[in-house]
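A.B. asks: Structure of the sequence below:
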Amino acid sequence: MGKCCLMALMSLAVAGCMAPAPKPPSNWTIALDPAPVFAAAVPRFGPVRLAQVVVRAPYDGTRLCVLRADGSMAFDPCNVFAAQPASLLRGAAADAMTASGLFARVFHGSSSARTSLLAEVVVGELALDCRQEGERKAVVSLSLLLLDVREAKACVAGRGEAPVKDGNFSAAFSMAFTSAIASALSGL
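C.D. replies: Next comes the predicted model:
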């Protein structure tokens, strides 16, 4: 009996059941950076609905995508976005479009308000760039398509990057996204 109990305890220890629980991952978010986007004096466009925000694979998962010097990418299990990136960016994109002053009004995609203008944002890159030794920066590239009665009116692109300071990924990704969306909006 004693030998069986000892064997059971040893198998539990070997299986990791007696080890301390792993540290939970840190959760990060993305929001419009408090720095001003830019503000048009008068709106150039009427009301617009932000129809969709899409984050392309492989950047669409919650784990931070890390670009490495050898050309490969890794997905950080210790640092994750607090929600799917497209969900986080939807609000930030609407806030940036509102702050730009380019539109008379900005509606979220779920609004039932009728508008002839629609906007679509496609994020092509959302990563932590670690390709340069000793340097970590958040990078975001995106395109913004403006449709008028479902006909393409403008397609603009933007890119932003920001250094990661003090390990604050939320601040870095927020700054990089704000820079990218401001760059795109200024091209309209």
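A.B. asks: which stretches of the chain form strands?
C.D. replies: Per DSSP state E, the chain carries strands over the ranges 26-28, 48-55, 63-67, 73-81, 106-108, 117-129, 137-148, 151-163.
A.B. asks: Which residue is the nearest non-sequential neighbour of the residue positioned nearest the centre of the chain?
C.D. replies: Nearest to the geometric centre of the chain sits Pro85, at 4.4 Å (CA atoms, centre = their mean). Leaving aside its sequence neighbours, Pro85 sits nearest to Val55 (CB to CB, 6 or more residues apart in numbering; 4.5 Å). Just so you know, the C-beta spots here come from the backbone N, C-alpha and C atoms, and that holds for glycine as well.
A.B. asks: Confirm for me that the one you found is in contact with Glu125.
C.D. replies: No. Using CB atoms under 8 Å, Val55 is not in contact with Glu125, being 9.4 Å away.
A.B. asks: Not counting sequence-adjacent ones, nearest residue to Ala41?
C.D. replies: Per CB to CB, 6+ apart, closest to Ala41 is Gly101, 7.3 Å.
A.B. asks: How about the contacts made by the one you found?
C.D. replies: 38-43 (CB atoms under 8 Å, 6 or more residues apart in numbering).
A.B. asks: Now with 7 Å, please.
C.D. replies: 39-40, 43 (CB atoms under 7 Å, 6 or more residues apart in numbering).
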